[in-house]
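Q: Below is the sequence, then the predicted model.
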Amino acid sequence: MFTGTHTGLPYALDFLVKGRRRLVINNGTAGLGNFVGTTFGVIARLSSDLQPPADSLYGITIGGLRCDALPVRFDPVRWKARFLDQWPRGSPAHRSHSTWITNREALNATLDLQRDTARQLDVARRQAASAQRLLGRRMRAIYMDGPATRLSGEVKQAAQASSAPTRAAE
């Protein structure tokens, strides 16, 4: 088993080596969101308790050791304010992490917009389907049950009458 804690992204891979299960697992960033659309960090937990924790994001038991990725919940607004208090603009940490924070905020805003657009599109599709059903009912009412049906009957009668020999022609 190999456990890392400083690559910035959560990672886990289990595999076989000479018939024995192996694992590489890494924390994410405990103080930054790690997955799209989330605001929790991730830590790796290694335990002799083989029961998976209730809040495990993913995990595996290998031999007598349980390995899980657990969420670290925090308030992103307070976190950002505290970060800026401790790492002023231009500092190495600010340069390194502010891009991550800003990109996460932009990504989350884009995802929120995408979800909102999908909801609006779903509403529009339902409205279009409802309008199509209404149009179908109205078309049937006009052409099958209404004036157009009676009119076609009158046209047929007129056509039959015009093709029948008349007494004047006899």
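A: All right, it came through fine. Computed from a predicted structure; not experimentally measured.
Q: What's the biggest helix in this protein, counting residues?
A: Scanning the chain for the helix with the most residues, using DSSP state H, yields helix 92-143.
Q: helices and strands around it, which ones?
A: helix 76-86 (3 or more CB pairs under 8 Å, 6 or more residues apart in numbering; DSSP states H and E). Using the backbone N, CA and C atoms, a C-beta is placed for each residue, glycine as well.
Q: And the residue nearest the centre of the chain, how far from residue 34?
A: The centroid of the chain falls nearest to residue 115 when counting by CA atoms, centre = their mean (6.9 Å). In this view, residue 115 and residue 34 are 19 Å apart by CB to CB, to the nearest Å.
Q: still on that earlier bit, any idea how far residue 109 is from the residue nearest to the centre of the chain?
A: Distance from residue 115 to residue 109, counting by CB to CB: 11 Å.
Q: mind showing which ranges of the protein have poor pLDDT?
A: 5-8, 37, 99-108, 145-170 (pLDDT under 70).
Q: Break it down into its structural domains.
A: Domain assignment for the chain, taken from automatic domain parsing, gives 1-74, 77-148.
Q: Return the most buried member of those domains.
A: The highest average neighbour count among those, using mean count of other CB atoms under 10 Å, belongs to domain 1-74 at a mean of 14.
Q: Pull the distance from that domain to the chain's centre.
A: Distance, stretch centre to chain centre, for domain 1-74: 24 Å (CA atoms, centre = their mean, to the nearest Å).
Q: quick one: the residue nearest to the centre of the chain and residue 21, what's the gap?
A: For residue 115 relative to residue 21 (CB to CB), the value is 38 Å.
Q: With residue 55 instead?
A: From residue 55 to residue 21 the distance is 24 Å (CB to CB).
Q: what do you get for residue 14?
A: 6 Å.
Q: How about exporting stretch 32-42 as PDB, limited to the C-alpha atoms?
A: This file holds the C-alpha atoms of stretch 32-42, laid out as PDB (Å, rounded to 0.1, in the frame of the first residue of the first chain):
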ATOM      1  CA  LEU A  32     -10.500  23.000  -1.500                       C
ATOM      2  CA  GLY A  33     -13.300  21.400  -3.400                       C
ATOM      3  CA  ASN A  34     -12.100  18.300  -5.200                       C
ATOM      4  CA  PHE A  35     -14.900  17.200  -7.400                       C
ATOM      5  CA  VAL A  36     -17.000  19.100  -9.900                       C
ATOM      6  CA  GLY A  37     -20.000  20.800  -8.300                       C
ATOM      7  CA  THR A  38     -18.800  20.100  -4.700                       C
ATOM      8  CA  THR A  39     -17.200  22.300  -2.000                       C
ATOM      9  CA  PHE A  40     -15.700  19.700   0.300                       C
ATOM     10  CA  GLY A  41     -12.100  18.600   0.600                       C
ATOM     11  CA  VAL A  42     -10.900  15.000   0.700                       C
END
